[in-house]
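Please find the sequence and the predicted model below.
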Amino acid sequence: MIITRTPFRVSFAGGGSDLSAFYVKNGHGAVVSAAIRKYMYISIHPYFHDKIRIKYSRTEDVEDIGEIKHPIVRECLKKVKIDKGVEIASFADVPAGTGLGSSSAFTVGLLHALYAYKGKKITTEKLAREACEIEIDILKEPIGKQDQYAAAYGNVNFFKFNRDETVDILPIPLTKSLERKLEQNLCLYYIGGARDARVVLSEQKNNMNFEHKFNILKKILILTEEFRHILRKEDMAKIGDALHKEWLYKKELSSKISDDGIDRFYEDSMKYGALGGKLLGAGGGGFFLLCSENHKKIRERSNCKILPFEIDKEGTKIIFHE
């Protein structure tokens, strides 16, 4: 049996500029993000029968890859060339659709497990790149590249997405002081709300044809490039202000990113001590990242389920192999 553990991520700045509709036309896009200590777990085990069994929110038991309903599992098996005799199961710390990049963590973690099952060592870069190929090129999901790279590499990084489809990975060094400040002052609030990232991202992608929307992403890109330098200054007020600016820009990209309830939550949070924040993921619901030097009042007033912000430093990892 093999078990992989792959982190979810929190995006600080740059979301949307990792869409090819933007970075190909603009020349590059960039994202600053952190992998967090909430994980997707994938297990793979030989199956007694000469078939494929997959367990996720449902169970599939098929004799041929083409019969698999789960698109990511189907394409990952094709990519690694495994066509029978395996049982695959997935477990997650946080449900899908909450803005933490769970779908891409699943893809990266599954590829990692499948290659290990075949006895092949694979680089982190190849894992991230092949996860992008499966989700974006083969399955035609209207998503960008940031989630796959954050899940594969872990830690806090500045990712630059180039026109030629290469990706530059620039780690942001964390002093003990900065790490402590981020983990003490950042917190994730689950504000709920069912959302389909595809719907939001499809509109955002189509909006790249409009000069006004494209120029907003250019402003976001400038802010992203500033954000990695702001982080190093360890000034939580400036970090909060940068998150606030990112959120205001992000809301302009699509009509589906925010709504009255989300706006009200953020306005109330600012009244009770938040220095800034932003909704994670495509928009429409899920987790809201808030920066504050004292979260007590916000927690009391919001009555939200919360996740502490804790940085994962390993990226996707094999945690069991026997």
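Cool, the structure landed.

Strands of this protein, residue ranges please.
2-13, 28-46, 52-55, 59-62, 86-92, 156-162, 167-171, 186-192, 276-279, 286-291, 305-308, 317-321 (DSSP state E).

export those to a markdown table and tack on distance to Glu234?
All C-beta spots, glycine's among them, are computed from the backbone N, C-alpha and C. As requested, the strands of the chain are arranged in a markdown table below (distance: least, C-beta to C-beta, whole Å):
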| stretch | distance to Glu234 |
| --- | --- |
| strand 2-13 | 14 |
| strand 28-46 | 15 |
| strand 52-55 | 44 |
| strand 59-62 | 48 |
| strand 86-92 | 32 |
| strand 156-162 | 13 |
| strand 167-171 | 17 |
| strand 186-192 | 13 |
| strand 276-279 | 15 |
| strand 286-291 | 13 |
| strand 305-308 | 19 |
| strand 317-321 | 28 |
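
For the stretch 101-250 of the chain, which segments count as helices?
For the stretch 101-250 of the chain, applying DSSP state H, counting those that start in this stretch gives helices covering 102-117, 124-132, 146-153, 176-185, 197-206, 211-232, 236-251.

can you list the residues that contact stretch 160-176?
The contact list for stretch 160-176 (C-beta atoms under 8 Å, 6 or more residues apart in numbering) reads 17-18, 20, 23-24, 26-32, 125, 128-129, 144-146, 149, 153, 155-159, 182, 228, 231-232, 234, 311.

of the residues you listed, buried ones?
Among the contacts of stretch 160-176, those classed as buried by 16 or more other C-beta atoms under 10 Å are 17-18, 20, 23-24, 26, 28-32, 128-129, 144-146, 149, 153, 155-159, 182, 228, 231, 311.

Pass me the low-pLDDT residue ranges in the protein, would you?
Low-confidence segments of the chain (pLDDT under 70): 194-199, 201, 204-205.

Nearest to the spatial middle of it, which residue is it?
Nearest to the mean C-alpha position of the chain, by C-alpha atoms, centre = their mean, lies Gly101 at 2.8 Å.

surely that one meets Ala150?
Yes - contact criterion C-beta atoms under 8 Å: Gly101 and Ala150 qualify, at 6.4 Å.

can you list residues touching both of those two?
9, 11.

From Leu248, how far off is the closest residue to Val31 other than its chain neighbours?
Leaving aside its sequence neighbours, Val31 sits nearest to Gly14 (C-beta to C-beta, 6 or more residues apart in numbering; 3.6 Å). According to C-beta to C-beta, to the nearest Å, Gly14 and Leu248 sit 15 Å apart.

out of the two, which sits in the more crowded spot?
Taking other C-beta atoms under 10 Å, Gly14 and Leu248 do not tie; Gly14 has more neighbours (27 against 13).

surely that one meets Tyr23?
No - using C-beta under 8 Å as the test, Gly14 is too far from Tyr23 to be in contact (10.4 Å).

intersection of neighbour lists for those two?
Counting by C-beta under 8 Å, 6+ apart, the residues touching both Gly14 and Tyr23 are Gly29.

Now Lys55. Nearest residue, chain neighbours left out?
Closest residue to Lys55 apart from its sequence neighbours, by C-beta to C-beta, 6+ apart: Ala89 at 4.1 Å.

Enumerate every residue touching the one you found.
Contact analysis of Ala89 by C-beta under 8 Å, 6+ apart lists 42-43, 54-56.

contact partners of stretch 226-244?
12-14, 32, 156, 158, 170, 172-173, 175, 177-178, 181, 185, 223, 246, 274-278, 289, 291-293.

Just the buried residues of the residues you listed.
For the contacts of stretch 226-244, a burial check counting by 16+ other C-beta under 10 Å picks out 12-14, 32, 156, 158, 172, 178, 181, 185, 223, 246, 274-278, 289, 291-292.

what's the closest of the strands of the chain to Asn206?
For Asn206, the closest of the strands of the chain is strand 28-46, at 17.0 Å, according to C-beta to C-beta.

Taking their axis directions, that closest one and strand 86-92 sit at what angle?
Relative orientation of strand 28-46 versus strand 86-92 (axes from the mean of the first three to the mean of the last three C-alpha atoms, to 10 degrees): 130 degrees.

please renumber so the chain begins at 210
Shifting the count to begin at 210 puts that one at strand 237-255.

What is strand 237-255 packed up against?
Applying 3 or more C-beta pairs under 8 Å, 6 or more residues apart in numbering; DSSP states H and E, one finds that strand 237-255 makes contact with strand 211-222, strand 295-301, helix 311-326, helix 355-362, strand 365-371, helix 420-441.

Which stretch among those is buried most, on average?
Counting by mean count of other C-beta atoms under 10 Å, helix 355-362 has the highest mean neighbour count of the helices and strands packed on strand 237-255, with a mean of 30.

Restricting to C-alpha, output it in PDB.
Extracted in PDB, the C-alpha atoms of helix 355-362 (Å, rounded to 0.1, in the frame of the first residue of the first chain):
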ATOM      1  CA  GLN A 355      -1.200  28.000  -9.200                       C
ATOM      2  CA  ASP A 356      -3.000  25.200  -7.300                       C
ATOM      3  CA  GLN A 357      -1.000  22.400  -8.800                       C
ATOM      4  CA  TYR A 358       2.400  24.000  -8.200                       C
ATOM      5  CA  ALA A 359       1.500  25.100  -4.600                       C
ATOM      6  CA  ALA A 360       0.300  21.500  -3.800                       C
ATOM      7  CA  ALA A 361       3.400  20.000  -5.300                       C
ATOM      8  CA  TYR A 362       6.100  22.300  -3.800                       C
END
